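K.L.:
give me coordinates for this.
(one chain, ligands or ions: 1)
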Amino acid sequence: MSNSAIIRKATLEHASCLLEIYRPYIEHTAVSFELTVPTVEEFAQRIAVALETKDWLVAEICGEAVGFAYGAAHRTRAAYRHSVETSVYVRQDVHRRGVARTLYTQLLENLSSLGFANAYAGIALPNDASKGFHLGMGFQSIGVFPRVGRKFGRWHDVEWLHKQLRVDVSDEC
Ligand SMILES: CC(C)(COP(=O)(O)OP(=O)(O)OC[C@H]1O[C@@H](n2cnc3c(N)ncnc32)[C@H](O)[C@@H]1OP(=O)(O)O)[C@@H](O)C(=O)NCCC(=O)NCCS
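P.N.:
All right, here's what the predicted structure looks like:
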């Protein structure tokens, strides 16, 4: 497999293969706070919602999906409309080959172009890979919610990281 990932806009047809990338992080880790794996239909619906106002990107190597990154609502109250929560998942056998960096670089650029001013990532601790990755992408740590999630019988802190995407925003949208 070559190293260079091609980034594409997700489609609903990607739901099934992207869910297989996501599944082990739900079933075997606390990286995702989901306790049960969503159905392909639920997952496709998440892609559809993201594509309406934010973004959902897929990384492919040799035509095979190996990772995805997307923007989701940070909070739903209207004053939060210029802020977005970002996430990225890469298939376990292609870690540390630049896939997440390629995905996030494009995602953050697209979200900035859409008018989002702030990107936030919540990392369930411990997750050295995600923390190292986000710091490397220019995010800064802004605080920790102690013992905010419980999975597999233990509490997890969530560390929040922030990156400013743009300073000028329109108050008309
Ligand atoms: C975090 C994750 C997305 C990184 O994906 P990746 O494709 O392996 O990352 P990249 O190869 O693009 O790495 C880019 C940089 O991130 C940092 N990084 C990546 N993995 C790291 C690790 N295990 N430890 C420390 N830093 C790491 C490094 O600075 C790296 O640059 P370098 O390889 O030149 O040193 C991947 O480990 C993953 O899918 N983890 C599980 C899901 C997850 O935690 N998602 C984030 C939820 S908040």
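K.L.:
tell me the centre residue of the protein?
P.N.:
residue 87 (1.0 Å; CA atoms, centre = their mean).
K.L.:
and that residue, that's in a helix?
P.N.:
No. Residue assignment for residue 87, taken from DSSP: H, G, I helix; E, B strand; the rest coil, gives strand, which places it outside any helix.
K.L.:
you'd agree it is up against residue 121?
P.N.:
Yes. At 6.9 Å, residue 87 counts as touching residue 121 under the criterion of CB atoms under 8 Å. Backbone N, C-alpha and C define where each C-beta goes, glycine included.
K.L.:
which residue does the chain bring closest to the ligand?
P.N.:
Distances from the chain to the ligand, computed as CB to the nearest ligand atom, single out residue 132 as the nearest residue at 2.4 Å.
K.L.:
got the phi/psi numbers for that residue?
P.N.:
In terms of degrees, to the nearest 10, the main-chain angles of residue 132 are phi -60, psi -40.
K.L.:
what's the distance between it and residue 61?
P.N.:
22 Å (CB to CB, to the nearest Å).
K.L.:
check residue 136 too.
P.N.:
With distances defined as CB to CB, the gap from residue 136 to residue 61 amounts to 21 Å.
K.L.:
between these two, which has more neighbouring residues?
P.N.:
residue 61 (18 against 11; other CB atoms under 10 Å).
K.L.:
beta-bridge partners for the more buried one, please?
P.N.:
residue 64 (DSSP bridges).
K.L.:
wait, it touches residue 7, no?
P.N.:
No. At 10.9 Å, residue 61 and residue 7 do not qualify as touching, with contact defined as CB under 8 Å.
K.L.:
would you map the strands across the chain?
P.N.:
Counting by DSSP state E, the chain has strands at residues 6-9, 56-61, 64-73, 83-90, 118-124, 140-151, 154-164.
K.L.:
where does this protein have low pLDDT?
P.N.:
Across the chain, residues meeting the criterion (pLDDT under 70) sit at 1-3, 172-173.
K.L.:
the nearest residue to residue 112 once chain neighbours are set aside and residue 14, how far apart?
P.N.:
Counting by CB to CB, 6 or more residues apart in numbering, residue 112 lies nearest to residue 165, which is 4.1 Å off, once chain neighbours are set aside. Counting by CB to CB, the separation of residue 165 from residue 14 is 25 Å.
K.L.:
what does this structure have sitting close to the ligand?
P.N.:
Counting by CB under 6 Å from any ligand atom, the residues of the chain close to the ligand are 25, 31, 87-90, 95-101, 121, 123, 127-130, 132-133, 136.
K.L.:
returning to what we had before: skipping adjacent residues, who's closest to the residue nearest to the centre of the chain in space?
P.N.:
Beyond its immediate neighbours in the sequence, the residue positioned closest to residue 87 (CB to CB, 6+ apart) is residue 70, lying 6.1 Å away.
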